[in-house]
Each structure stands twice: as structure tokens, then as C-alpha cells.
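# Quick one, fold the following:
(one chain, ligands or ions: 1)
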Amino acid sequence: MAALATAFSTPIRAEGDLARGAQAARTCMACHSFAPGRHMTGPSLAGVWRRRAGSADGFARYSDALKRSGLVWDKWNLDAWLKSPAALVPGNAMGFPGIAEPRTRADLVAYLEAVSTGRVTVPDRGLPNPKELDAASRVTAIRYCGDAYRVTTADRKTHTFWEFNLRFKTDGSVDGPPAGKPVLIGAGMQGDRAAVVFARPEEILTFIQRQCP
Ligand code: HEC
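Numbering: from 1, shown residues only. Down below sits the predicted model:
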């Protein structure tokens, strides 16, 4: 944080303050990453500055409304988008109400430009990369009995979850787990909830065995 504070102590653009912009961008990170190609609910915002709306490589879930908008993301269009996405592009798919405060929008736009043009780098706080997870996360067996799943990991531990608290997800991207090697995510955090991430949906049923202890 000390380094960040120093780097941002002087606003680079008169219109927006980068430190405040970085702070405001936290609300965006629930749906966006700044890592190139890392798409989440929303497209990666890497390189968004001066890009045509709806054109990030590899993001397949743009609304027709945004793709057909003809907008280019300059500071005016970004400001209008962040003020009210629905007013600028009716029918778009960004589930975000907008930011009323002009100052906060200016900070965010300055930050988007700085990140996009590489003047500021952001640590990627996207999803954990399943390929880098350790034995404690590599799932070797999933057994279903009664109302519970028992998930065994490569460190030979078995974690028991009430069936309603275990999610099954897929991640077919390059960041996803290798085929046939699902990973357990989040088991250590709250304890009673977690997700098993598979490379492909077909793997889910073949992996789960009905078996009681
Ligand atoms: C709830 C999820 C969500 C949040 C929060 C969110 N976005 Fe988005 N964003 C999306 C989605 C989904 C799209 C694609 C919209 C479409 O296709 O209509 C999008 C699109 C965009 C685009 C257009 C990108 C392109 O490639 O054309 C920009 C710019 C953007 N968001 C910036 C932001 C910023 C800045 C914030 C924070 C203030 C933010 N978003 C918050 C989901 C979100």
C-alpha cells in the first residue's frame, strides 16, 4: 500500500485522481478483471481505452445492444456509461445501476485510462488459477450419501458438505482445471461451503459416486 500511495500521490490528470479511482474500481472487480483475456461476468477491461464497445477478444456474452452501439470507449462515452449504462445503451447486459457522483466517475475514467495504457499495473485479483492449486485442492473422489457429499482430495483428506452447500462449476477456459482433474475451492474459508470446479460439464456425473461410508 505504501508504494501505491507514493505512486498515486500526485494526480496524473487534472480531471481524475488515480488513488481514488483504484478505490472506486473495487466495485467493478466483482465482475471485471484487468488481466488481458480474463473474462468474468463482464469482459476483461484490459485495453478498453479507445476500444470499440463490445469487441474484447474471446468474450462471447456481449448483448446485441452493446455490440451494435457503435461506441468507442473514450472519456466522454465511459463517463456516460458509468453514469447510467441503461441510459447510454438501452438493453445492455451490465447489471450495474451507475454512479451519480461526477467526481467518482472522473476518478474511475482516469484509472481506466491509466491501467489500459499500462501506466499503472494492477495485481490480478481474479479467480484463483486452478492449475496452481496444491494437493489439498485436487479432488480425487466425490461420494454422495443421504444429504451429503464427501469430497476426497489428493492430500488424502475427506471433507463432508451438506449437499445444498457444495456447488459444482465448470471452467473451460485456459485458466480452468485440466480435463478429468477437478479442484475444490473455498473449503478452507468458511468451512461449510465450497465449490468443485470441473473442466467440462460431462465430468460431473461420472465423477460423483453414490456410496455410503
Ligand atoms: C454485476 C456485474 C458488473 C459490474 C459490477 C460492472 N460491470 Fe461492467 N460489464 C458487465 C457486463 C456483463 C458487461 C457487458 C455488457 C453488455 O454486453 O451489454 C460490462 C461491460 C462493461 C464495459 C464495456 C466493455 C467493452 O468491452 O465494451 C465497460 C467499460 C465496463 N463494463 C466498465 C465497468 C466499470 C468501470 C465498472 C465499475 C464501476 C463495472 N463495469 C461494473 C458487468 C459488470
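# For Asp107, grab the count of nearby residues.
If you count neighbours by other Cβ atoms under 10 Å, Asp107 ends up with 25. C-beta coordinates here come from the backbone N, C-alpha and C atoms, glycine included.
# before we move on, what about the one 5 residues further on?
The criterion is other Cβ under 10 Å. On that basis, Leu112 has 22 neighbouring residues.
# Averaged pLDDT, the longest helix seen in the chain. What do you get?
Using DSSP state H, we find that the single longest helix of the chain is helix 102-116. Helix 102-116 carries an average pLDDT of 94.
# can you check stretch 46-59 too?
94.
# So for it, what gets flagged as buried?
Neighbour counts using 16 or more other Cβ atoms under 10 Å place 46-49, 51, 53-54, 56 of stretch 46-59 among the buried residues.
# Ok, stretch 173-180 next?
175-177.
# can the buried residues of stretch 46-59 go into JSON lines with extra columns for secondary structure and distance to the ligand?
Shown next, in JSON lines, are those (DSSP: H, G, I helix; E, B strand; the rest coil; distance: Cβ to the nearest ligand atom, whole Å):
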{"residue": "Ala46", "secondary structure": "coil", "distance to the ligand": "10"}
{"residue": "Gly47", "secondary structure": "coil", "distance to the ligand": "9"}
{"residue": "Val48", "secondary structure": "coil", "distance to the ligand": "5"}
{"residue": "Trp49", "secondary structure": "coil", "distance to the ligand": "9"}
{"residue": "Arg51", "secondary structure": "coil", "distance to the ligand": "6"}
{"residue": "Ala53", "secondary structure": "coil", "distance to the ligand": "4"}
{"residue": "Gly54", "secondary structure": "coil", "distance to the ligand": "5"}
{"residue": "Ala56", "secondary structure": "coil", "distance to the ligand": "4"}
